[in-house]
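Student: based on what follows, work out the 3D shape:
(2 chains)
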Amino acid sequence: MASTATVAAPHAPAVHHKEPTGLWSWITTVDHKRIGIMYGVTAFLWFLIAGVEALMIRVQLFVPNNHFVSAETYNSLFTMHALTMIFGALMPLTAAFFNFIVPLQIGARDVAFPRLNALSYWLFLFGSLFLNFGWLLKAAPDSGWFAYAPITTMAYSPGMHMDFYVLGLQVLGLSSIIASLNFIITIINLRAPGMRLMRMPIFTWMTLITSVLIVTAMAVFTIAVTELMFDRLFGTNFFNTVSEGADPLLWQHLFWMFGHPEVYILIIPIMGMISEVLPTFSRKPLFGYNVMVFSGVLIGWLGWGVWSHHMFATGMGPIADSFFSLSTMLIAIPTGIKIFNWLGTLYGGSIRFTTALLFSVAFIAMFTIGGISGVMHSSAPSDLQQSDTYFIVAHIHYVFFGGTVLGLWSALYYWYPKVFGRLLDERLGQFHFWGTLIGMNLTFFPMHFVGMFGMPRRTWTYGPEQGFTAYNQLETIGAFIIALATLAFAVNLFTAWKRGRIAGPNPWGAATLEWSIPSPPPAYNFREIPVVHSRMPLWEDDPTKQGGIPHGRVEEETDEVTIAGRQVAAVRDVRDENKMSAHDLGIHLPPPSFWPIVLAAGISAIFIGLIFRQVPDTSPWHNAWYLMFAGVATTMLSIYAWAFEPGH
Amino acid sequence: MKSRATLAGPPRAAAAPPRPWRGAWTAAVPLLLAGCGEDHLRKYPQTTFHPTTEFARISDWLFMLSLYLGVAVGIAVLGILAYFLWKFRYRPGAPEPKQIHGNTRLEVAWTLIPAIILAVIAIPTVKAIFDTQPDPSTLKDAVTIEVIGKQWWWEFRYPQPNGDTVITANEIHVPVGRTVHLILKTDNVLHSFWVPQMGGKRDLITNRVNHLVFKPEEAGVYFGQCAEFCGTSHSLMRMRMVAHAGDGYQQWLTNESHPAVEPAAGDSAVQLGKQLVTTGACAGCHYIEGTPMAAHIGPALTHFGRRRTLAAGILDNNAENLHRWLANPPEVKPGSKMPNLNLTDQQITYITAYLQSLQ
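Tutor: Okay, here's the model as predicted:
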């Protein structure tokens, strides 16, 4: 029996150096797994908050001429719903998986720059808190996440609303860029021996592509937001159209040069996750691995050439309209390849209907619908009737909710046991799945119709004579069904962490490296760095080969349980036997450090100081330039201290 | 360029031949079965499914084309997916599935087939893009109307051959059978002009001038709305487009270019109302031809009594609604630049009487 339990502890040492626990150990941690968990927990909380914002939007639109919230509050609600979902929930949730899973998949002990990794988490936390702080001052951003100039300039948006946007997103952008550089370098440099690029797990591949997209797209966005900040705070004239030279279209071009790749930043990682889940539960390798990799690269690449399809109504002229129509249509080809290859993966398989698989399959179905409506408005003259209507809202939600969110939930059911060592409850999972699927279609499908019947998006209310009422009521009911299902999910996530069934190292019988080590993995990940001979080392590598992966397929386990009609692995809790610390094994891990959080606090203080420059005289925060200078000083100090911190 | 001039070209036959894709559309999506008749229009007055210009028909046709192809592809993909899930479900005791790594021939096929489907959409798309955007300088005999986006209402300016300009608000009048050339501007933030039955939307962009060209074919009143987010009252920035058949447009324009008829001497409510409006706070923002009121901050009110709606298309223009509006504009329309003037009921009654007399 190739029991996983015995492999980890061939010689039990007498003394255990325990891994540190407690709040301070989390604040100073540089362990990619802990940072991954922190990303995941924070982002999930933001997901719930953004969901509440969505529910308030839906309640407001339940009846015509409603006054549930004021027009001003409504504008903040739809702005913050988008910002919180994109920058607070979805991107960081994918980052949680990058952090936790990618180093394990490539057989690494940590990411290339562990302290930098901690810094990107703290910047994300402070940035997202800062962005939402506007709510407390009744000054949450209120001009849309797209923030089209000139409505976002001082002339039309006095007060702090859009200051929270321009400053908060710079912090979040910095966080994303730092994290992505870290992943690129990690994936390029820290792969286990034998893991050539074309042997990398597909999720790692998609992480690499996404990271390259983030670094480049976020750079453009940071420039745009910085220019807007200069307009707002220092009176420059990039978009301040009171001056003749300013051009509001410049903002749109810069924004969508980021905004369109952003869509792919949110969907490409999910394509990677799906491509891990489907083979595992079909018991078949991914169909057309090479084509899957190259189509991912192609989607990322083409994603750069389509930004102006968001701007067909701006009158760019027929030549530009034609170019962007055609380039947008081209993206459907590599996307279609992916969908057909996923079908090919299912073909001839032995499909186990776990919750993870159900979400993956629903992803394919819903994302296909979102992709088809995408093709429908790639045609510029057709899009002129659809842009800025609820048809587009339907489309982006089939992509972001039907795509990104369903895929993330699939990944959570799949990798949760690896992260916490326990399985999520399958019955609650099924409830979560069906509630989400039914709720989302009830919410988002009618939006196609109401949009084509002329309902504009970002609209606080509508008249009874416009005929939008019935559709909006269906949508609101659907939204509450989603909320109910999500509540069940939150309960599941929490209770499984406390008393879910013990997972064992490889509960699904999966093929990639992360499943070769205990769940949850020890701080040092791998006792010995594995040597890889194939794309699916746990399915294809011969363990007798030199450096071969010692953990066989799940069938070799003896102690099995049945979940959703299939056998899963040993339920013995092997975690006790893996509590040997890295120190005991003579493995050097980077020591904890509190400089990342101090540096992140310093950077955040600069932005807080900038925003409080204009609160009323009576406030203690009045003219908080001093806070900005304190932030600069802290930043400089912590960079210096960081550089000379011993232990490396 | 010749192909670009199609919109200004020979008029379409008034009774259009039955369009084959109409029937297919209703068959394909039963939910919209009743979707295209007059009933549909009554139910959804702002619908995109009831085109009345060449421009809107082109948009509609391309939408339908991509819809059919999309629905076909969607049914195929979802059908295969459902079949595979059922067919290849796990059965206890089944042997390990065959480890298929790929199939180059298949993958080439599902690269080429989508490419061909897309080409079917791409070719008419490019033609349509050029057809719907004629070069404004080539337009002969077009009716030119300037559209100016305001927060949150619409101003329409009709330059006259004699150099005068007729100015109206929130209700744009166009003639049937002639090419209409809209010159789109904004003096504040971005807006988007959208009357779905006339053709797609076009943005009004600060420091820029945009154009929209279409030819109305049927007389009627059409719903429109600002489609680009423009701040607090964005959703309350609606409008009506009135298309006149025959010489209706010219008659309307002639009436509009003269001051409204002076109120009869005996009508004291109207007289008092006129005094309140022309000498009071209203004069600070509004324009009424034939009176000393000359400000252009708020909507021009010269023939206000003939308008169908008030407050940018959100209320029918009648005494009751006008009363409600004047009592507290920001309450009806959040963010409205027209402040609450704390008018008494009596004053509002007089003002209402005067404004409604402006025919």
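
Student: quick one: low-confidence ranges for chain B?
Tutor: For chain B, applying pLDDT under 70 flags the ranges B:1-36.

Student: in chain A, what spans have low per-residue confidence?
Tutor: Counting by pLDDT under 70, the ranges of chain A that qualify are A:1-18, A:543-580, A:614-623, A:647-648.

Student: the residue of it found nearest chain B - how many residues pack around it?
Tutor: Among all residues of chain A, residue A:384 sits closest to chain B, at 2.2 Å; criterion: Cβ to the nearest Cβ. C-beta coordinates here come from the backbone N, C-alpha and C atoms, glycine included. Residue A:384 is flanked by 31 other residues according to other Cβ atoms under 10 Å in any protein chain shown.

Student: please identify the helix or strand for it.
Tutor: Using DSSP states H and E, residue A:384 sits within helix A:380-386.

Student: then the following helix or strand past that helix to PDB, C-alphas only?
Tutor: Moving toward the C-terminus from helix A:380-386, the next helix or strand (DSSP H and E) is helix A:390-399. Written as PDB, here are the backbone C-alpha positions of helix A:390-399 (Å, rounded to 0.1, in the frame of the first residue of the first chain):
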ATOM      1  CA  TYR A 390     -29.100  45.900 -19.800                       C
ATOM      2  CA  PHE A 391     -28.200  43.500 -22.600                       C
ATOM      3  CA  ILE A 392     -24.500  44.400 -21.800                       C
ATOM      4  CA  VAL A 393     -25.200  43.900 -18.100                       C
ATOM      5  CA  ALA A 394     -26.500  40.400 -19.000                       C
ATOM      6  CA  HIS A 395     -23.500  39.700 -21.100                       C
ATOM      7  CA  ILE A 396     -20.900  40.700 -18.500                       C
ATOM      8  CA  HIS A 397     -22.700  38.800 -15.800                       C
ATOM      9  CA  TYR A 398     -22.800  35.700 -17.800                       C
ATOM     10  CA  VAL A 399     -19.000  36.200 -18.200                       C
END
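
Student: is helix A:390-399 in proximity to chain B?
Tutor: No: shown here: helix A:390-399 not in contact with chain B (Cβ under 8 Å from any Cβ of the partner chain), separated by at least 8.8 Å.

Student: chain center to that helix: distance?
Tutor: Centre-to-centre, helix A:390-399 and its host chain are 19 Å apart (Cα atoms, centre = their mean, to the nearest Å).

Student: contacts for it?
Tutor: With contacts defined as Cβ atoms under 8 Å, 6 or more residues apart in numbering or on different chains, helix A:390-399 is touched by A:263, A:267, A:366-367, A:369-371, A:373-374, A:377, A:386, A:440, A:443-445, A:447-448, A:450-452, A:455-457.

Student: ok so, going back, who's in contact with the helix holding residue A:384?
Tutor: The contact list for helix A:380-386 (Cβ under 8 Å, 6+ apart) reads A:309, A:312-313, A:321-322, A:324-325, A:376-377, A:392, A:451-452, B:48, B:56, B:58-60, B:62-63, B:66, B:125, B:128-129, B:132, B:196, B:199-202.

Student: so what's the residue of chain A closest to chain B closest to, chain neighbours aside?
Tutor: Among residues not flanking residue A:384 along the chain, residue B:200 sits closest, at 2.2 Å (Cβ to Cβ, 6 or more residues apart in numbering or on different chains).

Student: need the contact list for that neighbour.
Tutor: Per Cβ under 8 Å, 6+ apart, neighbours of residue B:200: A:313, A:381, A:383-385, B:55-56, B:59, B:132, B:194.

Student: isn't residue A:624 up against residue A:609?
Tutor: Yes: checked against Cβ atoms under 8 Å, the pair residue A:624 and residue A:609 is within contact range at 4.9 Å.

Student: for the residue nearest to residue A:384, phi and psi?
Tutor: Geometry field for residue B:200 lists phi and psi as phi -60, psi 170, criterion degrees, to the nearest 10.

Student: distance-wise, check it relative to residue A:382.
Tutor: 8 Å (Cβ to Cβ, to the nearest Å).

Student: before we move on, what about residue A:492?
Tutor: Residue A:492 is 42 Å from residue A:382, by Cβ to Cβ.

Student: compare these two (neighbour count), which wins?
Tutor: Neighbour tally, residue A:492 and residue A:382, criterion other Cβ under 10 Å: the higher count belongs to residue A:382, 29 against 23.

Student: helices or strands next to the helix or strand containing residue B:253 in the packing?
Tutor: Counting by DSSP H and E, the element that carries residue B:253 is helix B:248-256. Counting contacts by 3 or more Cβ pairs under 8 Å, 6 or more residues apart in numbering or on different chains; DSSP states H and E, helix B:248-256 packs against strand B:165-169, strand B:171-175, strand B:238-244.
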